[in-house]
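A.B. asks: Have a look; sequence and predicted model below, questions after that.
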Amino acid sequence: MISQLTGAFMRAILVALSVATPSLLLPGLGQEITQIVVLLAIFAAFFVFVEYGSTYPGLIEFRDAPPFNRVRFLMLFATLFLITVACRGHYDATPLTEFVNAIGLLLGHSVDFPYSPLSVVMNALPRGTTVEQAQMVRIAAGLAYLVALVSLTVFAILIRLRSWPSPTGSFNVWINLPTFDPTAGTDVVKRLNRDGRVNIILGFVLPYVTPPLAAFIATNHNLSMFSNDLTLVWTVTLWAFLPASLFMRGIAMHRLSDMIEAKRKRLVDASVDHETGLHAF
């Protein structure tokens with residue numbers, strides 16, 4: 001129990017730091033924005049502590065099936081940090097900020113081809129966007145794109161190397177999938193495959209849908225992601241993080257269905273061997 005609470009506390013601290021990182025590194029933010037960020041960091045830390053400190057299922061999926069949530073957290077933190085460093089380069093140019101901006105600009109130009117997610121983002125920019133603002137969006141989107149692809153690749157490799165979610169074949173659905181009822185509806189394998197396909201499709205479609213939707217909402221409510229650097233950081237981060245998370249969830253669902261199907265096959269083969277032995281006897 002003590003080790004579980006200690007782990008929950010450490011996770012809560014890391015989540016709070018990740019939420020507060022952009023506001024800590026970016027200069028010129030007002031006092032009201034800082035207070036809002038502090039409240040959000042405290043809320044996020046409290047939520048994570050309650051989820052991981054409890055023995056009962058909550059809202060966080062795959063809680064006891066690392067490295068799913070660890071990869072997602074590192075992806076979120078890396079995206080926030082890199083985009084924040086790139087934005088900070090406009091105020092305090094250092095070798096690190098110049099290097100990050102150069103990498104982001106290179107990636108932004110390489111993935112900006114017709115019908116790519118980045119081209120949709122660039123086309124959704126409002127009228128009056130300056131060249132400097134458009135370039136900053138390109139850099140931020142390029143960095144976010146890179147982190148998302150690397151995270152998906154790392155997760156796909158890890159689940160193969162570590163036989164995720166469990167080398168022994170045991171998996172607690174109640175704890176790790178609190179919103180999934182294995183006894184409801186059709187066969188659990190079919191439902192897992194269906195949910196996996198839906199998540200992968202959503203992960204593919206979302207980068208194309210969110211930019212025009214965000215532009216429509218911003219136009220009708222007089223909002224702009226260029227109002228301050230913090231808004232730009234979080235907007236581009238969520239644009240890349242949410243689809244990548246859906247991709248990871250879809251991969252995880254397919255992996256679980258494969259594991260259950262393989263276990264069923266072993267049980268059927270064992271039953272057939274047992275019956276064959278009895279007949280032979």
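C.D. replies: It's in. Fair warning: this is a prediction, and the values are worked out from it, not measured in the lab. Residues are numbered from 1 along each chain as shown.

A.B. asks: Do you have the helices of the stretch 101-250 of the chain handy? List them.
C.D. replies: Remark: helices assigned in the stretch 101-250 of the chain by DSSP state H, counting those that start in this stretch are 117-123, 131-161, 173-176, 188-220, 229-280.

A.B. asks: Now render the ones you listed as CSV, adding mean pLDDT, distance to Ala41 and mean neighbour count.
C.D. replies: Backbone N, C-alpha and C define where each C-beta goes, glycine included. Shown next, in CSV, are the helices of the stretch 101-250 of the chain (pLDDT from 0 to 100; distance: least, CB to CB, whole Å; neighbours: other CB atoms under 10 Å):
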stretch, mean pLDDT, distance to Ala41, mean neighbour count
helix 117-123, 92, 27, 19
helix 131-161, 93, 21, 19
helix 173-176, 84, 26, 16
helix 188-220, 91, 23, 16
helix 229-280, 83, 13, 17
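
A.B. asks: a markdown table for those helices, including distance to Pro27?
C.D. replies: Below are those laid out as a markdown table (distance: least, CB to CB, whole Å):
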| stretch | distance to Pro27 |
| --- | --- |
| helix 117-123 | 26 |
| helix 131-161 | 15 |
| helix 173-176 | 41 |
| helix 188-220 | 24 |
| helix 229-280 | 9 |
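
A.B. asks: Compare these and give me the one nearest Phe9.
C.D. replies: Nearest of these to Phe9, taken as CB to CB: helix 173-176 at 19.3 Å.

A.B. asks: Provide the contact partners of the closest one at residue level.
C.D. replies: With CB atoms under 8 Å, 6 or more residues apart in numbering as the test, helix 173-176 has contacts from 57, 61-65, 165, 180, 182.

A.B. asks: And those, which is closest to Ala44?
C.D. replies: Using CB to CB, these come closest to Ala44 at Arg63, 15.7 Å.

A.B. asks: isn't Tyr145 right up against Val111?
C.D. replies: Yes. In this structure, Tyr145 is within contact of Val111 by CB atoms under 8 Å, at 5.6 Å.

A.B. asks: Now do the shared contacts for the two.
C.D. replies: By CB under 8 Å, 6+ apart, the residues touching both Tyr145 and Val111 are 117-118.

A.B. asks: Please tell me how far the nearest residue to Pro211 once chain neighbours are set aside sits from Val189.
C.D. replies: Spatial nearest neighbour of Pro211, chain neighbours left out: Ala124 (3.8 Å); criterion: CB to CB, 6 or more residues apart in numbering. Going from Ala124 to Val189 by CB to CB, to the nearest Å gives 39 Å.

A.B. asks: One more: Ser18?
C.D. replies: Ser18 sits 36 Å away from Val189 when distances are taken as CB to CB.

A.B. asks: quick revisit: of all the helices of the stretch 101-250 of the chain, which lies closest to Leu107?
C.D. replies: helix 131-161 (3.3 Å).

A.B. asks: The closest one - contacts with which helices or strands?
C.D. replies: helix 68-88, helix 95-110, helix 117-123, helix 229-280 (3 or more CB pairs under 8 Å, 6 or more residues apart in numbering; DSSP states H and E).
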